[in-house]
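Undergrad: Provided below for reference: sequence and predicted model.
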Amino acid sequence: MDFSNPTRQYRRVSILGSTGSIGTQALEVIAAAPDRFGVAGLSAGGRNLELLARQAVAVRAPAVGVASASESDLERAIAQAADAAGVRGYAPVLFSGDDAAAKVAAWPDADVVLNGITGSIGLEPTLAALAAGHLLALANKESLIAGGALVRAAAAPGQLVPVDSEHSAIAQALRGGTADEVDRLVLTASGGPFRGRTRAQLQHVTPAEAVAHPTWDMGRVISTNSASMVNKALEVIEAHLLFDIPLERIDVVVHPQSVIHSMVQFIDGSTLAQASPPDMRLPIALGIGWPFRVPGSARACDWSRSAEWTFEPLDEEAFPAIALAKRAAAEGGTRMAVYNAANEEAVEAFHRGAIGFPEIVDTVSAVVDEQRAREVAGGELTLDAVLEAERWARTSARSRCGLVESPAPGGAAGPEGQKEEL
Ligand SMILES: NC(=O)C1=CN([C@@H]2O[C@H](COP(=O)(O)OP(=O)(O)OC[C@H]3O[C@@H](n4cnc5c(N)ncnc54)[C@H](OP(=O)(O)O)[C@@H]3O)[C@@H](O)[C@H]2O)C=CC1
Ligand SMILES: CC(=O)[C@@H](O)[C@H](O)COP(=O)(O)O
Ligand SMILES: [Mn+2]
């Protein structure tokens with residue numbers, strides 16, 4: 001595909017993380033627009049092999065990958081699903097193991113790769129999709145955060161398209177002015193389930209409360225990150241990396257309705273905002289179809305009904321994650337890879353009952369401080385440096401949280417039950 005001059009051609013899409021919230025919605029988008037999209041490949045972690053198999057059979061995906069199941073288990077699951085659906089003669093190319101997602105990402109018969117994996121385990125698939133010359137519709141923000149300059153350097157101009165709702169909103173609003181006319185980016189945050197609480201009130205919240213997001217239905221890790229504001233912290237850095245706007249010109253405002261998905265403020269005082277009811281099918285469709293809109297991909301705002309959109313400042317004392325990330329990102333190198341990896345482990349520890357909710361960000365802060373004290377953030381950012389820094393950060397975070405055995409390669413995104421507590 002010519003990224004600087006794309007055409008509205010039919011696109012074959014490989015979906016990484018097809019069994020998750022983003023992945024299943026992407027399959028809905030594709031099914032609803034058969035004139036625009038087809039499926040080239042599917043990949044998932046393996047926690048729900050039957051669902052992956054049913055998806056593959058339903059769309060006759062030419063390539064299917066799974067991380068934590070064997071090729072023969074995947075083959076068997078697909079045969080059973082095909083049998084149940086009365087489908088004959090479907091025999092996709094199969095991949096299994098740690099590099100299965102990267103292999104599906106590099107599958108040549110695709111135009112677009114949608115990375116909907118959770119966690120920085122998505123970094124190598126992100127790099128594989130870029131190296132293969134596919135358009136990359138990126139929901140997996142952690143790969144950009146951890147990979148930073150590495151991912152940016154691997155992407156040709158126009159090759160990396162945001163799917164995250166805030167960044168999709170900004171990409172749309174940026175069409176309203178030239179780069180030198182942009183003054184500030186303003187990211188909206190719903191405030192999550194704990195909006196308005198003090199740090200003391202956060203001490204005894206439960207995992208079930210943390211994932212009960214007020215406006216979005218998402219996976220466990222991103223829902224927890226929304227509650228701690230780590231999601232918004234990652235998104236500020238994501239915006240900086242995607243749009244090349246200095247961190248000090250990126251703001252966050254709490255907007256509990258999640259209808260304004262973010263804004264661009266221009267130098268003449270004009271602000272362009274993108275508004276739509278909270279529904280990821282819109283940014284997913286626009287991401288894989290970029291820059292062309294997909295008619296009817298989501299419901300529009302209903303202007304015949306009364307509605308209220310409110311905005312309030314963030315309580316940075318109760319939610320220090322954003323200030324912490326801005327400082328870490330400004331220091332560069334592997335600092336944000338460490339921030340993210342420590343968070344993935346701390347989120348897992350919180351869900352296992354090993355730490356309280358405020359200790360998630362406390363752990364991230366302590367691990368980042370420890371790395372800073374060891375003065376190892378700078379230097380050239382290579383994939384090996386990122387992976388090594390992540391390994392170190394995961395071990396440090398796990399030990400601080402009282403979880404001691406070596407971290408799974410997927411960190412918090414690894415299969416349930418893979419890690420044991422002391
Ligand atoms: N959900 C949303 O609305 C939004 C999500 N995002 C981002 O999108 C990403 C996905 O989020 P979400 O869909 O909510 O998460 P989910 O937890 O719902 O889904 C994660 C997916 O990743 C798969 N997966 C895990 N490990 C691997 C692996 N090693 N190789 C391949 N696939 C793997 C899982 O497979 P399985 O479970 O079958 O093992 C699952 O399909 C995250 O980065 C998130 O921050 C961004 C904006 C909005
Ligand atoms: C849908 C999406 O893009 C999420 O990242 C969402 O923004 C999370 O909501 P918060 O604003 O609560 O983090
Ligand atoms: Mn978002």
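TA: Everything's here; your move. Numbering: from 1, shown residues only. Ligands and ions are numbered 1, 2, ... in the order given.

Undergrad: switch to C-alpha atoms for all contacts and neighbour counts from now on
TA: Noted.

Undergrad: low-confidence stretches in the protein?
TA: Scanning the chain for pLDDT under 70 picks out the ranges 376-379, 405-422.

Undergrad: quick one: stretch 218-228 near ligand 1?
TA: Yes: applying Cα under 6 Å from any ligand atom, one finds that stretch 218-228 is in contact with ligand 1 at Met218, Gly219, Arg220, Ile222.

Undergrad: reformat those residues as JSON lines; add neighbour count.
TA: Supplementary listing: the residues of stretch 218-228 next to ligand 1 in JSON lines, determined by neighbours: other Cα atoms under 10 Å:
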{"residue": "Met218", "neighbour count": "17"}
{"residue": "Gly219", "neighbour count": "13"}
{"residue": "Arg220", "neighbour count": "21"}
{"residue": "Ile222", "neighbour count": "20"}
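
Undergrad: which single one of those is nearest to Ser96?
TA: Nearest to Ser96 out of the residues of stretch 218-228 next to ligand 1 is Gly219 (Cα to Cα; 22.8 Å).

Undergrad: so the closest one versus ligand 3, what's the distance?
TA: Going from Gly219 to ligand 3 by Cα to the ion, to the nearest Å gives 12 Å.

Undergrad: can you list the domains in the chain?
TA: 8-163, 320-401 (the TED database).

Undergrad: and Ser262, which of those is closest to it?
TA: Here domain 8-163 is closest among these (Cα to Cα), at 13.0 Å.

Undergrad: how far off centre is the closest one?
TA: 14 Å (Cα atoms, centre = their mean, to the nearest Å).

Undergrad: wait, does it contact ligand 2?
TA: No: against ligand 2, domain 8-163 shows no contacts by Cα under 6 Å from any ligand atom, the least distance being 7.7 Å.

Undergrad: what about that domain and ligand 1, any contact?
TA: Yes: Domain 8-163 reaches ligand 1 (Cα under 6 Å from any ligand atom) through 16-22, 43-48, 67, 101, 116-119, 139-142.

Undergrad: would you mind checking the residues you listed for buried ones?
TA: 16-22, 43-47, 67, 101, 116-119, 139-142 (16 or more other Cα atoms under 10 Å).

Undergrad: so Leu247 touches Leu234, yeah?
TA: No: under the criterion of Cα atoms under 8 Å, Leu247 makes no contact with Leu234, lying 11.9 Å away.

Undergrad: the more surrounded of these two?
TA: Each of Leu247 and Leu234 has its neighbours counted (other Cα atoms under 10 Å); Leu234 has more, 25 against 18.

Undergrad: ok, the more buried one - contacts?
TA: Going by Cα atoms under 8 Å, 6 or more residues apart in numbering, Leu234 touches Lys141, Glu142, Ile145, Ile322, Ala325, Asn340.
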